[in-house]
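Colleague: Please work out how this folds:
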Amino acid sequence: MDYSYDLKGNNLYIGENRIPAYSLEENEIGNCTSCDSILISLSYHRAGEKTVIVTKCVSCGVFYANVYDSGWNWADEVKVSLLPIPIPISSQVVDDWKGLETIPIKKLEAVFSRGEIEALFARAKDETPVRQYLYRARKKYKLFEEIFDLELAL
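Modeller: Predicted coordinates:
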């Protein structure tokens, strides 16, 4: 079954079924299976007898759906794909500080870590970014473009 998520409306899609969130509480849910960092909840959804919590890794930015049974026993973890979100920006290529600043911070946080965002802004202002964070951010440019239909060229 495919799991996808709408960051703008906080709706989870399991196949073709749209499941709205009943809570947007942020909690530490567990550890990422990709990098072992902390998973933070984005939203909670009821799917029949199960509760599904959509989470995001604070380090690598991977999204998961953590599935629990009616007794809050963990049942499964599934990677979640994100649905594209249109962003009203005049240019579809962001290559300067002004363009980067027009992107809502929530959109940047959906893909990039805090350090990566700081590195992007430093690069856009022609300051010296933390090279490691800028490198990691650049590896995520394609994902950001796929989700938001917006190309970063910093």
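
Colleague: For the helix or strand of the chain with the lowest mean pLDDT, name the packing helices and strands.
Modeller: When each helix and strand of the chain is scored by mean pLDDT, DSSP states H and E, strand 93-94 comes last, with a mean of 85. On a contact count with 3 or more CB pairs under 8 Å, 6 or more residues apart in numbering; DSSP states H and E, strand 93-94 meets strand 151-152. (Glycine included, C-beta is placed from N, CA and C.)

Colleague: hmm, back to that, tell me which strands the least confident helix or strand of the chain pairs with, and in which orientation.
Modeller: Neighbouring strands of strand 93-94 in its sheet, by DSSP bridges, are strand 151-152 (parallel).

Colleague: Check which element follows the least confident helix or strand of the chain along the chain.
Modeller: helix 97-101 (DSSP states H and E).

Colleague: gap between the following helix or strand past that following helix and the chain center?
Modeller: Downstream of helix 97-101, the next assigned helix or strand under DSSP H and E is helix 105-111. Chain-centre distance of helix 105-111: 7 Å, with CA atoms, centre = their mean, to the nearest Å.

Colleague: now stretch 10-29
Modeller: The answer for stretch 10-29 is 13 Å, by CA atoms, centre = their mean.

Colleague: buried set for it?
Modeller: 10, 11, 12, 13, 14, 19, 21, 29 (16 or more other CB atoms under 10 Å).

Colleague: Now for those: which two are most distant?
Modeller: With CB to CB as the measure, no two of the buried residues of stretch 10-29 lie farther apart than 13 and 29, at 19.8 Å.

Colleague: pLDDT weak spots in this protein?
Modeller: The model of the chain has pLDDT under 70 over residues 85-91.

Colleague: so where do the helices sit in it?
Modeller: 97-101, 105-111, 114-124, 131-139, 141-148 (DSSP state H).

Colleague: From the contact counts, what lies against the shortest one?
Modeller: Applying 3+ CB pairs under 8 Å, 6+ apart, one finds that helix 97-101 makes contact with helix 114-124.

Colleague: Go through the helix it packs on and flag the buried ones.
Modeller: Along helix 114-124, these residues count as buried under the neighbour rule (16+ other CB under 10 Å): 115, 116, 117, 118, 119, 120, 121, 122, 123, 124.
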